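S.K.: using only what follows, build the 3D model:
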Amino acid sequence: MSKFLPLAQAVSENLKTGDSVAFEGFTHLIPTAAAHEALRQGFTDLTLIRMTPDLIYDQMVGMGMARKMVFSYAGNPGVGLLRRVRDAVENGWPRSLELEEHSHAAMANAYEAGAAGLPFAVFRGYRGAELASVTHTIKSVTCPFTGEELAAVPAVRPDVTFIHAQKADRKGNVLVEGIVGVQKEAVLAAKRAVVTVEEVVDDFDDLHPNLCVLPAWTVTAISVVPGGAHPSYVHGRYARDNAAYVEWDEIAADRDRFRRWMQENVMEKTPNDFAGRVAHLRNAA
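M.R.: Prediction:
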């Protein structure tokens with residue numbers, strides 16, 4: 001049970017200033033509580049990695065935590081752009097932000113390469129695209145067997161990955177239900193992995209064996225944070241808080257309002273506050 005830690009301890013023991021870090025989640029299971037705890041602890045100079053940066057990276061960039069973002073899509077899903085990211089890129093507020101942009105296919109393959117311990121990923125991609133002209137880590141290689149020219153990108157190997165999941169058992173194994181995205185690969189590719197979960201159960205014996213289970217040896221620390229993915233949804237638990245995403249667009253549009261909101265809703269809160277935020281969303285899951 002030493003793997004099970006309060007979130008504040010799990011974050012402080014596994015994330016360091018200057019780290020490359022992935023807070024991964026795709027559509028649901030976004031590790032918001034872990035990102036907010038990282039914000040409260042004040043880390044800086046982070047390289048933020050994620051296929052689909054949304055609100056949590058907008059918040060971290062807006063608070064000056066990031067020096068670089070490695071990604072394949074950035075936006076407030078269903079609403080529009082990430083206003084704090086755009087302000088950092090265009091105006092250097094609160095600090096400048098370096099971007100390394102890829103396609104979804106490149107990021108997925110890069111995580112898989114990292115999980116396999118390979119130095120880079122090879123795939124068919126970027127044909128007819130101009131992204132390679134602005135992203136220096138996109139290269140090409142020639143297949144030694146067919147002579148075909150293929151795309152190559154460096155493997156993604158985060159110092160630490162954070163994900164959210166439905167359950168952990170008492171041995172430290174983690175169950176992910178619903179859309180998996182690249183969470184499994186992001187954990188396997190990382191030097192350290194922290195998982196927030198909705199609950200801890202005795203075992204997974206009554207569940208389908210083909211559900212995604214991360215073995216205990218792949219996970220460094222587990223923290224129980226019910227509601228910890230809000231405002232994203234958790235398959236089978238609670239629905240997506242669409243109103244929160246719409247509201248964020250207005251909050252993030254103004255620097256002063258953004259700072260006030262972050263102080264009131266992140267810096268002065270604790271992980272225990274998340275359970276109350278999803279109470280009205282559980283019946284809609």
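S.K.: which residue ranges of the stretch 51-200 of the chain form strands?
M.R.: Applying DSSP state E, counting those that start in this stretch to the stretch 51-200 of the chain gives strands spanning 66-71, 98-101, 120-123, 139-142, 149-154, 160-169, 174-176, 192-201.
S.K.: how about residue 80, nearest residue that isn't a chain neighbour?
M.R.: Nearest residue to residue 80, sequence neighbours excluded (CB to CB, 6 or more residues apart in numbering): residue 249, at 5.9 Å. Bear in mind the C-beta positions are built from the backbone N, C-alpha and C, glycine included.
S.K.: that neighbour is in what secondary structure piece?
M.R.: Per DSSP states H and E, residue 249 falls inside helix 242-252.
S.K.: can you list contacts of the helix or strand just after that helix?
M.R.: Going down the chain from helix 242-252, the next helix or strand is helix 255-262, by DSSP H and E. Outside helix 255-262, the residues within contact range by CB atoms under 8 Å, 6 or more residues apart in numbering are 39, 59, 62, 63, 84, 87, 93, 250, 251, 252.
S.K.: are any of those residues buried, and if so which?
M.R.: Buried members of the contacts of helix 255-262, counted by 16 or more other CB atoms under 10 Å: 39, 59, 62, 63, 84, 87, 251, 252.
S.K.: give me the subset of these that lies in helices.
M.R.: Among the buried ones among the contacts of helix 255-262, the members found in helices (DSSP state H) are 39, 59, 62, 84, 87, 251, 252.
S.K.: you'd agree the fourth one is up against residue 62?
M.R.: Read that as residue 84. Yes: contact criterion CB atoms under 8 Å: residue 84 and residue 62 qualify, at 3.2 Å.
S.K.: which neighbours do the two share?
M.R.: Counting by CB under 8 Å, 6+ apart, the contacts common to residue 84 and residue 62 are 252, 258.
S.K.: what separation is there between residue 21 and residue 73?
M.R.: According to CB to CB, to the nearest Å, residue 21 and residue 73 sit 18 Å apart.
S.K.: more crowded one of the two?
M.R.: Neighbours per residue (other CB atoms under 10 Å) separate residue 21 from residue 73, with residue 21 holding more: 29 against 15.
S.K.: so the more buried one touches residue 162, yeah?
M.R.: Yes: proximity of residue 21 to residue 162 meets the contact threshold set by CB under 8 Å, at 7.1 Å.
S.K.: who touches both of these two?
M.R.: Both residue 21 and residue 162 are contacted by residue 38, under the criterion CB under 8 Å, 6+ apart.
S.K.: where is the longest helix in this structure?
M.R.: The longest helix of the chain (DSSP H) is helix 104-116.
S.K.: that one packs against which elements?
M.R.: Secondary-structure packing of helix 104-116 (3 or more CB pairs under 8 Å, 6 or more residues apart in numbering; DSSP states H and E): strand 120-123, strand 149-154, helix 183-189.
S.K.: many thanks, have a good one.
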